[in-house]
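In: sequence? don't have it. structure:
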């Protein structure tokens, strides 16, 4: 069972629908017991970082979330759910979960912000450490298009976390992975058949 | 680089997809859920649902259609029609939409845009703007399904809406809607140059070159079409192949 964390932000329903299509049992929940028992955890989210952190805090979910990640439960962060993993976000100068080192920054180079639409993801599987994540790209050609909606992007301190990179005026991390953590700036649940493959590949990692 | 998007639009009334000409004389174009699924499979980049009589009938949007569609499609879709408050927007997002477009409700009470953007993020809030030419180089905002001239300049309103928090603009030209004589390049260019968010051009698509022109000359980020796709005159793939041949970046 995959627990999709419900913190009253964004389109948790879309993630649930995507898992249903793949026949992966999932539940949208904010109940710590259910989250604890689940095999994997997804932190979805669209919207503002400040609001996201505030809702996690008000729902008393921060501790639960961090402990599940620390316990090496398979974890997928999507969009805001990726950004919140880092230390701080320029969006409203928000203090985030600090599971990973680095900042969330605003796009500077492109005129149109947010980035809305389909953009290419270039695989960044180079060193040995990243070989484990090769599976994430099973049957997904390099430079496939995924759906993005974001004004901010993650800038991890440790660049070797980056397994997918995308360009929007500047290059940014569109997929990061470390141990049990996989996180995407795009929305796999909204990225058509390629996105569905990505979710399936994530499921096959654990 | 982010690609240009091709977006089929499903104008609905009473649960059916309809298509009109210049916002009138509607004809039946089929079942929304199955059409949405077909478009997803054919490579549409996004879907737009508009409940075109929700405002004039003074009723809420058809949530069950939204829900059924969300279960079937794997691409983003936005839903609009009759949205006047944050709660309505929440219901639509909860039913599975990714974005919600606001039109008359936002014009009448502009704070609606800010409230929705603060609650759900700007990326969820699309300003749907229906414009009609009223003079040289001047287009006014029309509300209530294109029935009421507000007297306000479309470019001014689009700029203001973005300042209030709209994350995208769905710009429909009433003059070109359903005519198949091409998008309104002039108007789209003006709005696109003015605002810092993506602009979806709508109204008038009739042939392949209309799509390339609205991107290269009109500066649109996405192009929307309805009858062309509903009645099978062009396939999404035809449009994308054509654009690719013109070196316009699309998702294939």
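Out: Right, received. Where do you want to start? All of these numbers come straight from a predicted model, not from anything done at the bench. Residues are numbered from 1 along each chain as shown, chains lettered A, B, ... in the order given.

In: If you count contacts, what does the longest helix belonging to chain A end up packed against?
Out: Taking DSSP state H as the criterion, chain A has its longest helix at helix A:192-203. The contact analysis (3 or more Cβ pairs under 8 Å, 6 or more residues apart in numbering or on different chains; DSSP states H and E) places helix A:192-203 against helix A:12-21, strand A:144-150. Any C-beta I mention is one placed from the backbone N, CA and C, and that applies to glycine too.

In: Poorly predicted segments of chain A, please.
Out: A:10 (pLDDT under 70).

In: Try it again at 80.
Out: Applying pLDDT under 80 to chain A flags the ranges A:9-12, A:46-47, A:127-130.

In: Can you give me the distance of the closest residue to residue B:195 other than its chain neighbours to residue B:125?
Out: Leaving aside its chain neighbours, residue B:195 sits nearest to residue B:162 (4.7 Å; criterion: Cβ to Cβ, 6 or more residues apart in numbering or on different chains). Between residue B:162 and residue B:125 the distance is 10 Å, computed by Cβ to Cβ, to the nearest Å.

In: who has more neighbours, the two?
Out: Between residue B:162 and residue B:125, counted using other Cβ atoms under 10 Å in any protein chain shown, residue B:125 has the larger neighbour count: 30 against 20.

In: returning to what we had before: just to check, the residue nearest to residue B:195 is in contact with residue B:196?
Out: Yes. Counting by Cβ atoms under 8 Å, residue B:162 touches residue B:196, with 6.5 Å between them.

In: re earlier: SS state for the residue nearest to residue B:195?
Out: What DSSP: H, G, I helix; E, B strand; the rest coil gives for residue B:162 is helix.

In: Now for it: which residues touch it?
Out: Listed by Cβ atoms under 8 Å, 6 or more residues apart in numbering or on different chains, the contact partners of residue B:162 are B:127, B:169, B:195-197.

In: For the nearest residue to residue B:109 once chain neighbours are set aside, list the residues it contacts.
Out: Closest residue to residue B:109 apart from its sequence neighbours, by Cβ to Cβ, 6+ apart: residue B:84 at 7.4 Å. Applying Cβ under 8 Å, 6+ apart to residue B:84 gives the contacts B:105, B:108-109, B:112.

In: Backbone torsions only: list them for residue B:84.
Out: phi -120, psi -10 (degrees, to the nearest 10).

In: circling back to that earlier point, please indicate which of the contacts of residue B:162 are buried?
Out: Among those, those scoring as buried are B:127, B:169, B:195, B:197 (criterion: 16 or more other Cβ atoms under 10 Å in any protein chain shown).

In: how about residue B:186, secondary structure?
Out: Applying three-state DSSP: residue B:186 is helix.

In: Kindly tell me how buried it is, as a neighbour count.
Out: Neighbourhood size, residue B:186 [other Cβ under 10 Å]: 14.

In: what's the following helix or strand after the helix or strand of chain B with the lowest mean pLDDT?
Out: In chain B, no helix or strand scores lower on mean pLDDT, DSSP states H and E than strand B:24-30, which sits at a mean of 59. Going down the chain from strand B:24-30, the next helix or strand is helix B:32-41, by DSSP states H and E.

In: check contacts around residue 121.
Out: Assuming you mean chain A. Going by Cβ under 8 Å, 6+ apart, residue A:121 touches A:143-146, A:164-166, A:174-175, A:186.

In: you looked at the wrong chain, it should be chain B
Out: Here residue B:121 is in contact with A:10, A:46-48, A:51, B:167 (criterion: Cβ under 8 Å, 6+ apart).

In: if we take those residues, which one ends up nearest to residue A:150?
Out: Among the contacts of residue B:121, residue A:46 lies closest to residue A:150 (Cβ to Cβ), at 8.6 Å.

In: Surely that closest one and residue B:119 touch.
Out: No. Under the criterion of Cβ under 8 Å, residue A:46 is not in contact with residue B:119, lying 11.5 Å apart.

In: Between those two, tell me which one has more neighbours.
Out: Here residue A:46 and residue B:119 are compared on neighbour count by other Cβ under 10 Å; more neighbours surround residue A:46, at 26 against 19.

In: For the more buried one, list the residues it contacts.
Out: A:9-11, A:79-80, A:149, A:187, B:98, B:120-121, B:123-124.

In: Among these, name the ones in strands.
Out: Counting by DSSP state E, the contacts of residue A:46 place residue A:149 in strands.
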